[in-house]
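K.L.:
Just need the structure, nothing else, for what follows:
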Amino acid sequence: MVISIRRSRRDEGEKLIAIWCRSVDATHDFLSADYRVELEDLVSSFLPEAPLWVAVTERDEPVGFMLLTGDHMDALFVDPDVRGCGVGKWLVEHALTLAPGLTTNVNEQNEQAVGFYKKMGFTVTGRSAVDDLGKPYPLLNLAYTGEEEVWYGLYCRITLSGKQQIKQKAQSFD
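P.N.:
The predicted model follows:
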């Protein structure tokens, strides 16, 4: 799949909301049904007008998007049909070209996303017991450091810098 990244257009608001819905339904099973509806209403009210970066196929079909405000990535959502194909990675790498000191927040219960960000070189810098709307869905504050955790077998872990130099040896699980 050939992916390119461009700015969003007003005429694709419904497609982007559909990506948000499908992505949230695939990854946010911890949300209550009522809160999920509340979030969709909120997202539908602003997403079509937001200045998003959109990942599109060679046919210019959106498959993911992110919202970047300064050095902070406010949102990253990928259509579940293309998860694992590098779309999220492309969007984060694009964000890093614009904001090398990139930060973001992620729901602590979204273990797949937490793992993705750690693999991309983000580290946890803090935690909030509630989300941005004050609901009891804890957020992890992340900052890009260029470090990634790499697991070797079941027994050891090392942390590598962006230059792939060993920074810290991990301990075994004995």
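K.L.:
Please count neighbours and contacts with C-alpha atoms only from this point.
P.N.:
Will do.
K.L.:
OK, contacts around P100?
P.N.:
D71, Y144 (CA atoms under 8 Å, 6 or more residues apart in numbering).
K.L.:
Now do it against S4, distance only.
P.N.:
Computed as CA to CA, to the nearest Å, the P100 to S4 distance reads 20 Å.
K.L.:
what does H94 give?
P.N.:
10 Å.
K.L.:
Okay, strands next: where are they in the chain?
P.N.:
In the chain, the strands defined using DSSP state E lie at 4-7, 52-56, 62-69, 72-78, 103-107, 122-128, 139-144, 148-152, 156-160, 166-169.
K.L.:
Can you tell me which of these is nearest to E40?
P.N.:
strand 72-78 (13.4 Å; CA to CA).
K.L.:
Could you tell me how many residues sit around K119?
P.N.:
Neighbour count for K119, taken as other CA atoms under 10 Å: 16.
K.L.:
doesn't A55 make contact with V63?
P.N.:
Yes - look at V63 against A55 with CA atoms under 8 Å: they come within range, at 5.7 Å.
K.L.:
list residues touching both of those two?
P.N.:
In contact with both V63 and A55: V87, using CA under 8 Å, 6+ apart.
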